[in-house]
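Novice: curious how this folds, go ahead:
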Amino acid sequence: MESALWTRGAVMLFIEQEYAVKLSIRAVGDYLKRWGFTPKKPIKRAYEQRPEAVKQWIDQEYLAIEKRAKAEGGETHWGDETALVNTDVLGRSYAPKGKTPVTMAVRGTRQKLSMISTVTNQGKASWMIIDGAFNHEKLGFEQAKDKSPALTLQGEAVLRDAVMDALDGKPILRLPALTVKLGKFDVSGGKYELAGVALSNPELWLRRDAAGKLNLSGLTGAQPAAAQSAPPPADKPAQSSAPLQLTITEMRIQGGKLGFDDASPNGISATTAGL
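Specialist: A predicted model of the protein is given here:
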């Protein structure tokens, strides 16, 4: 007799069908206890999982990965992807009788962030938060001996409905969809490779005020000359860090709009052009 869970009721029915003996639920529980059976929460396992294939991977491929990592002075990381949400996922909660617990939702809407994380057999954990969808296919981490670590992400990161406004409320950027095909990330070396970047119907507004200043100049983070820190003493030169290197193999823009408004003397009037 097949049963998803061998409860006392299932065992009672099995005994009745096979041996024509009727027992009570309590009697079945007593017999199971005498026979050394205890109730346990079952382990969830994918129905499609093939135990022989899993064993072969652990005995052969995984051992080869561990051997290579040890020879190159690297680490073996186990990776996964999950989501962080602002909604209650506990289901039920204990509370005094007659008092129903209340959970507070942020603006009544569901907010979600994607997270990728890795962990080693020694318990070393790494993680990264992505604001948007992350459809990954492969996550790799390499750290050869005497070389900087390299993180390889194969898949796509999608950012939707990005909005940027100036302090006066005027729009600067509208980005309905940004899709990034990930490549190789050399975190310690400051080298990042993107296989492709695709923008769908972006809208950018450029404005120049009467003093000739563009609205984008305030986004660079540059400080006025008087507010900049003094240069270091001559006997202690500042240490220069390696510049960030970003390589984009392919970039594609589909549709879009570019607006320009010039308020400077002899400037052109507001105009908008489609892409």
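Novice: so where do the helices sit in the stretch 51-200 of the chain?
Specialist: 51-56, 63-71 (DSSP state H, counting those that start in this stretch).
Novice: looking at the ones you listed, which is nearest to Thr82?
Specialist: With Cβ to Cβ, the closest approach to Thr82 among the helices of the stretch 51-200 of the chain belongs to helix 51-56: 21.7 Å. Every C-beta, even on glycine, is put in place using the N, C-alpha and C of the backbone.
Novice: what about that closest one, average pLDDT?
Specialist: For helix 51-56, the mean pLDDT works out to 88.
Novice: low-scoring stretches of the stretch 51-200 of the chain, by residue?
Specialist: When residues are selected by pLDDT under 70, those of the stretch 51-200 of the chain lie in 87-91, 104-109, 131-154, 186-189.
Novice: redo the helices of the stretch 51-200 of the chain as JSON lines? Include distance to Asn266.
Specialist: Below are the helices of the stretch 51-200 of the chain laid out as JSON lines (distance: least, Cβ to Cβ, whole Å):
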{"stretch": "helix 51-56", "distance to Asn266": "73"}
{"stretch": "helix 63-71", "distance to Asn266": "65"}
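Novice: pretty sure Asp262 contacts Arg208?
Specialist: Yes: applying Cβ atoms under 8 Å as the test, Asp262 and Arg208 come out as touching, 4.9 Å apart.
Novice: rewinding a little: quick one: closest of the helices of the stretch 51-200 of the chain to Arg92.
Specialist: helix 51-56 (34.2 Å).
Novice: what is the closest one packed up against?
Specialist: Using 3 or more Cβ pairs under 8 Å, 6 or more residues apart in numbering; DSSP states H and E, no helix or strand is in contact with helix 51-56.
Novice: sorry, back to before: go through the helices of the stretch 51-200 of the chain and pick out the most buried.
Specialist: Highest mean neighbour count of those: helix 63-71, a mean of 12 (counted as mean count of other Cβ atoms under 10 Å).
Novice: quick one: contacts of that helix?
Specialist: With contacts defined as Cβ atoms under 8 Å, 6 or more residues apart in numbering, helix 63-71 is touched by Gly74, Glu75, Thr76.
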